[in-house]
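Visitor: just coords:
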């Protein structure tokens with residue numbers, strides 16, 4: 001194993017029960033022949049982490065969460081040549097089997113035997129994490145605080161690439177959370193002409209304009225139907241809010257022969273009345289689901305492109321990080337996720353931080 005220093009123990013924060021966390025000192029993971037050991041710099045909370053903490057929705061206790069992270073390679077296995085100790089990196093958290101039919105077909109997101117850093121194996125709310133070296137993505141000079149945003153941006157990039165999109169046509173994003181705003185960045189890269197973001201929160205809509213939305217619609221204040229009547233219906237509609245209302249709205253606002261991509265993971269039933277369902281038929285809509293953010297060769301072009309888009313974003317991507325806490329305040333970060341705070345996007349934990 002190639003390493004830059006001898007390390008034996010580390011701090012980690014594990015979920016040990018519903019709304020129960022334990023800060024522990026544990027052994028640093030061994031680095032296998034095809035692995036990399038990453039010293040975690042920053043780690044963000046994903047919406048999928050919320051039920052893992054609050055509702056106990058984990059595969060087993062104790063569970064170290066955290067799959068949106070950046071860091072510096074501390075050590076690599078003897079067979080690893082793709083990265084070296086000292087490299088500044090982000091990490092793709094999916095660990096596919098690489099041998100099933102889906103993986104061989106270039107669809108690792110659909111692997112039936114995958115593992116996942118932060119849910120099926122120990123995650124990055126720890127000082128060090130061991131991952132397959134193939135999952136490690138160098139980020140060059142990108143600030144590590146910003147590099148921890150790469151994973152959610154890859155989700156947006158993957159989503160907009162589920163359908164063929166013609167540059168110079170219009171798009172809409174329903175839901176202006178982190179993934180919704182990052183979808184704006186991805187749509188700008190695709191060459192969308194008008195990008196409309198629809199949300200309830202005026203602060204979020206202001207953020208959307210900063211990152212390149214050309215139009216915003218505030219639900220409950222603006223007339224959504226009138227807006228799209230005025231500028232034309234979008235060729236691509238991306239639904240990120242996972243609300244029943246926005247899933248129905250996606251079908252209503254989509255252009256004839258348009259595409260609708262569903263990204264948000266729903267937690268409630270969706271009932272479509274005949275008139276709403278008929279939009280699919282009469283408009284001959286293309287409906288696609290989007291799951292995670294990987295392609296071939298693994299982890300996919302999404303991961304290279306995400307770093308490039310963050311480096312060239314229309315506004316400072318650090319604005320996505322609205323709350324930041326040290327590792328010993330993980331509970332405070334999760335509390336913010338459930339607080340109803342209107343000016344909240346990404347909650348980030350500073351583990352080692354940026355080296356000085």
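Guide: Received it, and whenever you're ready, just let me know what you need. As the structure is a prediction and not an experimental result, all values here were calculated from the model. Residues are numbered from 1 along each chain as shown.

Visitor: Next, the contact list for the closest residue to residue 134 other than its chain neighbours, please.
Guide: Distance criterion CB to CB, 6 or more residues apart in numbering; nearest residue to residue 134, sequence neighbours excluded, is residue 298 at 6.1 Å. All C-beta atoms are positioned from the backbone trio N, CA, C, and that covers glycine. By CB atoms under 8 Å, 6 or more residues apart in numbering, residue 298 lies in contact with 92, 96, 98, 103, 108, 134.

Visitor: any chance of those residues in JSON lines, with pLDDT too?
Guide: As requested, the contacts of residue 298 are exported to JSON lines (pLDDT from 0 to 100):
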{"residue": "92", "pLDDT": "98"}
{"residue": "96", "pLDDT": "98"}
{"residue": "98", "pLDDT": "97"}
{"residue": "103", "pLDDT": "97"}
{"residue": "108", "pLDDT": "97"}
{"residue": "134", "pLDDT": "98"}
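
Visitor: mind listing which of those residues are in helices?
Guide: residue 103 (DSSP state H).

Visitor: and which of the contacts of residue 298 is nearest residue 195?
Guide: In terms of CB to CB, no member of the contacts of residue 298 lies closer to residue 195 than residue 92, at 26.8 Å.

Visitor: Spatially, which residue comes closest to the closest one, not counting chain neighbours?
Guide: residue 299 (3.7 Å).

Visitor: Equivalent analysis for residue 155, please.
Guide: In space, residue 155 is closest to residue 293, 4.6 Å off (CB to CB, 6+ apart).

Visitor: residues touching the one you found, list them.
Guide: Contacts of residue 293 (CB under 8 Å, 6+ apart): 109, 151, 154-155, 157-158, 300, 302-303.

Visitor: can you list the residues you listed in CSV and add secondary structure?
Guide: Shown next, in CSV, are the contacts of residue 293 (DSSP: H, G, I helix; E, B strand; the rest coil):
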residue, secondary structure
109, helix
151, helix
154, helix
155, helix
157, helix
158, helix
300, coil
302, helix
303, helix
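
Visitor: could you dump those to TSV with distance to residue 26, neighbour count and pLDDT?
Guide: Listed next are these as TSV, based on distance: CB to CB, whole Å; neighbours: other CB atoms under 10 Å; pLDDT from 0 to 100:
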residue	distance to residue 26	neighbour count	pLDDT
109	30	19	95
151	24	26	98
154	29	30	98
155	30	23	98
157	35	26	98
158	33	24	97
300	32	24	97
302	32	23	97
303	29	25	97
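
Visitor: tell me which of these is nearest to residue 87?
Guide: Distances from residue 87 to these, taken by CB to CB, are shortest for residue 303, at 14.4 Å.

Visitor: ok, which stretches of the stretch 201-350 of the chain are strands?
Guide: 215-218, 236-239, 259-262, 286-289, 321-326, 346-350 (DSSP state E, counting those that start in this stretch).

Visitor: Just the mean pLDDT for the third one, thanks.
Guide: If you average the pLDDT over strand 259-262, you get 98.

Visitor: Stretch 330-337 now?
Guide: 95.

Visitor: How about residues contacting that stretch?
Guide: Counting by CB under 8 Å, 6+ apart, 13, 21, 45, 47, 49-50, 53-54, 125, 323, 325, 344, 347-349 sit against stretch 330-337.
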